[in-house]
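# no letters, just coordinates:
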Ligand SMILES: Cc1ncc(C[n+]2csc(CCOP(=O)(O)OP(=O)(O)O)c2C)c(N)n1
Ligand SMILES: CC(=O)[C@@H](O)[C@H](O)COP(=O)(O)O
Ligand SMILES: [Mg+2]
């Protein structure tokens, strides 16, 4: 049994001596590399917080003392130390979440994996402790990247004002988000880090002098006094102290004893205090492949020695198709510029940035600023492309509505990871964009069904110069091309049938699913027309008249059912006085548990057999109701399709 395996909870940590702490850190690193290489996950961030996590749980008494993690992707070590060491199904269905989870442990608080929220949580918890007279500590761990997010500064503004309210902020400064962290904040942290160089020199000098007989110690003591004066006089006091926070640091975040000492100092301080820890993302992992691009921020399942993927990708990703096309557009359109929120490579802007370095900006983890600055860029005569993950655009809704759309700015939003993403759990699914953004006047939304459509719709979007546009696509490999056999209005016809009963509206990547469902229904005598609307907002004017020629309309989307495309289609049918019944298929109004995308889609009924089953059941029910519905043909087993006792649901 390793020392790590003997740790059942934080209480076991407090008994360890210094050599054992070093052994434990080694055990943890070996465990992380092996376990995360098997499942995929956030290897780099967690290798960077091994000593920090150990020190936190030795100095504080979780769960009474709250230890909070910003974004939470770096909480694997915290999990290992709080009784969760089975990583065999990490981020997989039924396994540990890749983020804190209240269901898993009383030591976990924030499940939201959206960055820059931890200081807000800490401010609230500290106020509650103070008002309710609880002596417990609140400790918020925030990365240097997350510190570039606006919400962190809203919280700091409040925290710094309450000089009498204890709250400990630990800045986990590894100088990186994915890539090196940008901006004035990062530069300021670097200034504080150079103080570290000065400190190291002095501690070297201390060692030398203290070993010098007779004159060494007295000389050291007089210099030490001078040092304090020198540091106060010349070393940067730092913005944090100017704000009103006590600043402790910079501390070597891989020296457990040093971190513990700093945390004990912070614990004794009766007010807000910031401990600045210097760490290294990916520390201790030196595989054959030095992937400097993001220091193993997120890795897929891989060989830990060579970093070779265990399961090669099924084909090019949607991201890579976007990346190639936007670079091509950039060569043709000098007015096209790009913005990323600290995720240049993950959102596919690498090629564009290499070709046009002056036309791309990384604004930090600041989607709201990305959106407003895009309004400025557009007003200044450029056409900005804001590339973010769908779920992260949620926080920039007001900026999109009131800064971009109100001024009819020609901004194109490209939302990667739209729909069910899967392993990253509830807060990473891009399932709300087509609901939230339905209400934005003038915004046009496209959902491509394959690579060819992504390329075409991206070009159509950047050609719009008097309104914002948005394109969204999922996290998976781009499937086969889905050819159109005709066009009605702006909609591509993918399947047609004489005297069809059902109009299946396939939104984006749901097209192949809908074509398969139509095939199943045909086997049961139910004839379907399948269309891909391409641009889902505004609803195509030809959709209502087309619907009127069918007995049932079904809309299928990889987005929340609530307020999604299905709802917009319903509104359009009502406005046109078309009373054809409508069934909408989408993601139910739930926070989805983590698991593979395909598993989650199956669980929520977004599969051909489930969709066909519900359509046939709806028609059968109408047959009962009005006598001329369609019985389910024997080419199709409804009982099996509806699964074991699935009650009618809107999925
Ligand atoms: C609002 C938001 N935007 C983007 C992301 C994607 N993301 C996850 S971790 C990360 C980098 C975080 O950097 P930092 O806070 O320094 O933590 P580190 O990974 O360095 O430990 C980003 C951009 C996110 N989680 N939330
Ligand atoms: C924690 C976070 O928000 C990102 O690192 C995210 O986990 C990346 O997900 P992808 O693997 O889909 O790029
Ligand atoms: Mg960082």
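Thanks, I have it. These figures come from a predicted structure and were not determined experimentally. Ligands and ions are numbered 1, 2, ... in the order given.
# count of residues packed around whatever residue of the stretch 551-651 of the chain ends up closest to ligand 1?
Closest residue of the stretch 551-651 of the chain to ligand 1, Cβ to the nearest ligand atom: residue 594 (14.7 Å). All C-beta spots, glycine's among them, are computed from the backbone N, C-alpha and C. For residue 594, the count of nearby residues is 26 (other Cβ atoms under 10 Å).
# for it, give me its contacts.
Residues in contact with residue 594, defined by Cβ atoms under 8 Å, 6 or more residues apart in numbering, are 91-93, 95, 97-98, 422-426.
# let's see it at 10 Å
89-99, 101, 421-426, 428-429, 600 (Cβ atoms under 10 Å, 6 or more residues apart in numbering).
# same question for residue 427.
71-72, 99, 110-114, 391-392, 394, 421, 591-592.
# ok and the residue in the stretch 51-200 of the chain nearest ligand 2?
Closest point on the stretch 51-200 of the chain to ligand 2, by Cβ to the nearest ligand atom, is residue 73, at 3.9 Å.
# helix or strand: which one has that residue?
In the assignment (DSSP states H and E), residue 73 maps to no helix and no strand.
# wait, what's in contact with it?
Contacts for residue 73 (Cβ under 10 Å, 6+ apart) come out as 41-42, 44-46, 98-100, 113, 115, 143, 297-298, 424.
# just those now: which is nearest residue 286?
Ranked by distance to residue 286 (Cβ to Cβ), those are led by residue 44 at 12.3 Å.
# can you give me the distance of that closest one to ligand 3?
9 Å (Cβ to the ion, to the nearest Å).
# now do the closest residue to ligand 3 within the chain: how many residues are near it, please.
Nearest residue of the chain to ligand 3: residue 143, at 3.8 Å (Cβ to the ion). By the criterion of other Cβ under 10 Å, residue 143 has 32 neighbours.
# angles on the backbone of it, please.
Note on residue 143: backbone dihedrals following degrees, to the nearest 10 are phi -80, psi 160.
# bridging residues for it?
Counting by DSSP bridges, residue 143 is bridged to residue 172.
# make sure it is actually in contact with residue 169.
No. Here residue 143 does not reach residue 169: they are 11.6 Å apart, not a contact under Cβ atoms under 10 Å.
# and the strand or helix carrying residue 618, which residues are buried?
For residue 618, the host element (DSSP H and E) is helix 608-626. Across helix 608-626, burial judged by 16 or more other Cβ atoms under 10 Å covers 608-620, 622.
# what helices or strands is that helix leaning on?
strand 502-506, helix 511-522, strand 552-560, strand 582-587, helix 597-603, helix 638-641 (3 or more Cβ pairs under 10 Å, 6 or more residues apart in numbering; DSSP states H and E).
# name the residues of the fifth one that are buried.
The neighbour-count check on helix 597-603 (16+ other Cβ under 10 Å) flags 597, 599-601, 603 as buried.
# quick one: contacts of it?
Counting by Cβ under 10 Å, 6+ apart, 92-94, 419-423, 425, 429, 474-476, 510, 513, 558, 587-588, 592-596, 606-607, 609-610, 643, 651 sit against helix 597-603.
# which among these end up buried?
92, 419-423, 425, 429, 474-476, 510, 513, 558, 587, 592-595, 606-607, 609-610, 651.
# pLDDT at residue 491, what is it?
Listed pLDDT for residue 491 reads 98.
# ok, the nearest residue to residue 400 once chain neighbours are set aside - contacts?
Closest residue to residue 400 apart from its sequence neighbours, by Cβ to Cβ, 6 or more residues apart in numbering: residue 371 at 5.4 Å. Counting by Cβ under 10 Å, 6+ apart, residue 371 touches 339, 341, 363, 384, 386, 388, 393, 395-404, 409, 411, 413, 468.
# what's the answer for residue 517, then?
502, 504, 506, 510, 526, 528, 530, 554, 556, 585, 607-616, 641.
# redo that, cut-off 8 Å
504, 528, 556, 608-609, 611-612, 615.
# I'd like those as JSON lines, with distance to ligand 1 and pLDDT appended.
Shown next, in JSON lines, are those (distance: Cβ to the nearest ligand atom, whole Å; pLDDT from 0 to 100):
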{"residue": "504", "distance to ligand 1": "35", "pLDDT": "98"}
{"residue": "528", "distance to ligand 1": "40", "pLDDT": "98"}
{"residue": "556", "distance to ligand 1": "29", "pLDDT": "98"}
{"residue": "608", "distance to ligand 1": "33", "pLDDT": "98"}
{"residue": "609", "distance to ligand 1": "35", "pLDDT": "98"}
{"residue": "611", "distance to ligand 1": "32", "pLDDT": "98"}
{"residue": "612", "distance to ligand 1": "37", "pLDDT": "98"}
{"residue": "615", "distance to ligand 1": "37", "pLDDT": "98"}
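# in a markdown table: these, plus distance to residue 463.
Converted to a markdown table, the contacts of residue 517 look like this (distance: Cβ to Cβ, whole Å):
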| residue | distance to residue 463 |
| --- | --- |
| 504 | 29 |
| 528 | 33 |
| 556 | 28 |
| 608 | 35 |
| 609 | 39 |
| 611 | 34 |
| 612 | 38 |
| 615 | 36 |
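# what's the closest of these to residue 260?
residue 556 (55.0 Å).
# how close does the closest one get to residue 591?
21 Å (Cβ to Cβ, to the nearest Å).
# before we move on, what about residue 452?
34 Å.
# does the host helix or strand of residue 141 come close to ligand 1?
Assigned by DSSP H and E, residue 141 belongs to strand 138-143. Yes. Strand 138-143 lies within reach of ligand 1 by Cβ under 6 Å from any ligand atom, at residue 143.
# the helix or strand just after that strand: how far from the chain's middle?
The helix or strand immediately downstream of strand 138-143 is helix 150-159, counting by DSSP H and E. Chain-centre distance of helix 150-159: 21 Å, with Cα atoms, centre = their mean, to the nearest Å.
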